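# sequence? don't have it. structure:
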């Protein structure tokens, strides 16, 4: 019993938000994804998105100028994610 | 006759303007002075004023921060003066 | 509230008067207004749309103002940034800073603008004769931000 | 006329709007307002009187604006300086500059203020509890002017 409980995958639901040019490139403003990896990070989510291939792999290729905001604060790839977190992908900003 | 004409002193009339603290120190806003020196300069006028002694010698002593404007433009001591020129004495400015 | 994101235009005179209030410690008010030009990178611009990331934008602007407060001796600061559809000559952004002395007012105002340009989540999309295009980030803006990190 | 000396107050919003006009080359408006503080060098100030040297003042301010035009890429500039009796929180001076880009607008606005402070023939006399006193020129202002002469 305790063994079977340990093998039930932990699901972390993350809200993804795509801004500006990325919203148009991906054809959506936001989505929820379920991450089943243990202790998921921002990098985990980016890898999952790249695995979709096509425009996803292209826009999120390493070296592309995409910033990530975790719960409205700019974040690095190793930030740990918790259920309900909001991860936004931001192209270079051009306000002011 | 030609000799006596040469000895008639040339008179250059200069309008002097005293600004701000200097106006109060000298007790006057402006005055006209007649300079009889040939080819008078700004320095000539300053020397004449210093020769008055007292507050004049004190305020216009070399090294004091007094600027001179000749016809509304800041000027050095060797600027030549002509009849009707306006020479203003300016304490350090404090506008803005 | 020193930070606002809004679609409506703003009245600079009224905003500066409100920021100054009756505070007689203030001797200097530095301000900056960004406006829409009718040409960008040599291409005519007829209209533009400014979008942002609600929630993060206000947080980001407030953090920039706080950093300015930490770096410079200022009395108060205001940032207003518009979003939505804008046309040439429209006002986009107002940054205003009050201080006892002009050096801090100028520095803080410029600092806020420079950092806002590279960090606050706003994006411009321009309508041009060749179609709509997202504005590219300017290298000059990154350089302007960098300038502040070499300060003591 | 980009330079005015007047006893009347000025309306910043109206002045900036007039300076910008409908010129869609303008992308940046930097402005500075100097205001009367109620304390100077730790002494309370109740009122002050600003005097100037009529004729030279306008010429001096116009020359400073011309120098700014020569140094920076600007569209237009405005300087308004008040004279006469002023009280704490009153506006003293407005310097505003329009440009395509913010760097030139900020630089030119600050340049004009820095040079105005050390060259334009204005003098402040403050009324304090200990009596009236002419304001001393500030060392910091001379340093601010000097900063510009080390530029290329």
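Okay, I see it. On a predicted model such as this, the values are computed, not experimentally measured, just so you know.
# Identify the residue of chain C closest to chain D, quick one.
When scored by CB to the nearest CB, chain C has residue C:13 as its residue closest to chain D, at 2.2 Å. Glycine gets a C-beta too; all of them are placed from N, C-alpha and C.
# Check the secondary structure at that residue for me.
Secondary structure, DSSP: H, G, I helix; E, B strand; the rest coil: residue C:13 is helix.
# try residue C:93
The three-state label given to residue C:93 by three-state DSSP is strand.
# Give me the mean pLDDT for stretch A:39-57.
Taken as a whole, stretch A:39-57 has a mean pLDDT of 97.
# likewise stretch A:17-35?
Here the average pLDDT along stretch A:17-35 is 98.
# what comes up buried for it?
Neighbour-count burial for stretch A:17-35 flags A:17-23, A:25-26, A:35 (criterion: 16 or more other CB atoms under 10 Å in any protein chain shown).
# Please enumerate the strands of chain A.
A:12-18, A:30-35, A:67-70, A:73-75, A:86-90 (DSSP state E).
# what's the shortest one packed up against?
Contact partners of strand A:73-75 among helices and strands, from 3 or more CB pairs under 8 Å, 6 or more residues apart in numbering or on different chains; DSSP states H and E: strand A:67-70.
# Could you give me the buried positions within the strand it packs on?
A:68-70.
# repeat for stretch C:142-152
By neighbour count with 16+ other CB under 10 Å, stretch C:142-152 contains the buried residues C:144-145.
# Stretch A:53-61 too?
Quick answer for stretch A:53-61 (16+ other CB under 10 Å): A:56, A:59-60.
# ranges for the helices of chain A?
Ranges of helices within chain A are A:2-7, A:20-26, A:42-50, A:54-59, based on DSSP state H.
# With distance to residue C:89 added, can I get those helices in CSV?
Output for those, formatted as CSV (distance: least, CB to CB, whole Å):
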stretch, distance to residue C:89
helix A:2-7, 64
helix A:20-26, 24
helix A:42-50, 40
helix A:54-59, 34
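# who in chain C is up against chain A?
Within chain C, the positions adjacent to chain A are C:34, C:50-53, C:55-56, C:59-60, C:81, C:92-93, C:113, C:116-125, C:134-138, C:141 by CB under 8 Å from any CB of the partner chain.
# among these, which are in reach of chain D?
C:34, C:113.
# The residues of chain C next to chain A in helices, which ones?
Using DSSP H, those in helices are C:56, C:59-60, C:113, C:116-119, C:141.
# Just flag the most distant two among these.
C:59 and C:141 (20.5 Å; CB to CB).
# Tell me which of the two has more neighbours.
residue C:141 (22 against 17; other CB atoms under 10 Å in any protein chain shown).
# Please give me every residue in contact with residue 22.
In the absence of a named chain, chain A is used. By CB atoms under 8 Å, 6 or more residues apart in numbering or on different chains, the contact set of residue A:22 is A:59, A:66, A:89-91.
# sorry, should have said chain C
Residue C:22 sits in contact with residue D:89, where contact means CB under 8 Å, 6+ apart.
# Quick check: pLDDT value at it.
96.
# Quick check: of the buried residues of stretch A:53-61, which lies closest to chain B?
Set against chain B, the nearest of these by CB to the nearest CB is residue A:59 (51.4 Å).
# and the gap between that closest one and chain D?
29 Å (CB to the nearest CB, to the nearest Å).
# give the contact list for the nearest residue to residue C:64 once chain neighbours are set aside.
Nearest residue to residue C:64 in three dimensions, chain neighbours excluded: residue C:115, at 4.8 Å (CB to CB, 6 or more residues apart in numbering or on different chains). Going by CB under 8 Å, 6+ apart, residue C:115 touches C:64, C:67, C:145, C:148.
# Show me the beta-bridge partners of residue A:34.
The partner list for residue A:34 in beta bridges (DSSP bridges) reads residue A:13.
# Hmm, it is touching residue A:15, no?
No. The pair residue A:34 / residue A:15 is not scored as a contact, 11.2 Å apart, by CB atoms under 8 Å.
# which stretches of chain C form strands?
C:3-6, C:28-35, C:39-40, C:43-44, C:47-52, C:76-82, C:84-86, C:91-99, C:122-128, C:131-134.
# Switch the ones you listed over to a markdown table; also include mean pLDDT.
Formatted as a markdown table, the strands of chain C follow (pLDDT from 0 to 100):
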| stretch | mean pLDDT |
| --- | --- |
| strand C:3-6 | 98 |
| strand C:28-35 | 98 |
| strand C:39-40 | 89 |
| strand C:43-44 | 90 |
| strand C:47-52 | 97 |
| strand C:76-82 | 98 |
| strand C:84-86 | 98 |
| strand C:91-99 | 98 |
| strand C:122-128 | 95 |
| strand C:131-134 | 94 |
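# what's the closest of the ones you listed to chain B?
strand C:28-35 (9.6 Å).
# Residue numbers of chain C in contact with chain B?
Residues of chain C found near chain B (CB under 8 Å from any CB) are residue C:102.
# can you tell me the residue of chain C closest to chain B?
For chain C, CB to the nearest CB, closest residue to chain B: residue C:102, 7.9 Å.
# count of residues packed around that residue?
Residues lying near residue C:102 (other CB under 10 Å) number 25.
# Now do it, the pLDDT please.
Predicted confidence (pLDDT) for residue C:102: 97.
# List the contacts of it.
Taking CB under 8 Å, 6+ apart as the test, what residue C:102 contacts is B:96, C:27-28, C:30, D:32, D:34, D:110, D:113.
# again, but for residue A:68
Counting by CB under 8 Å, 6+ apart, residue A:68 has contacts A:42, A:46, A:74-77, A:87-90.
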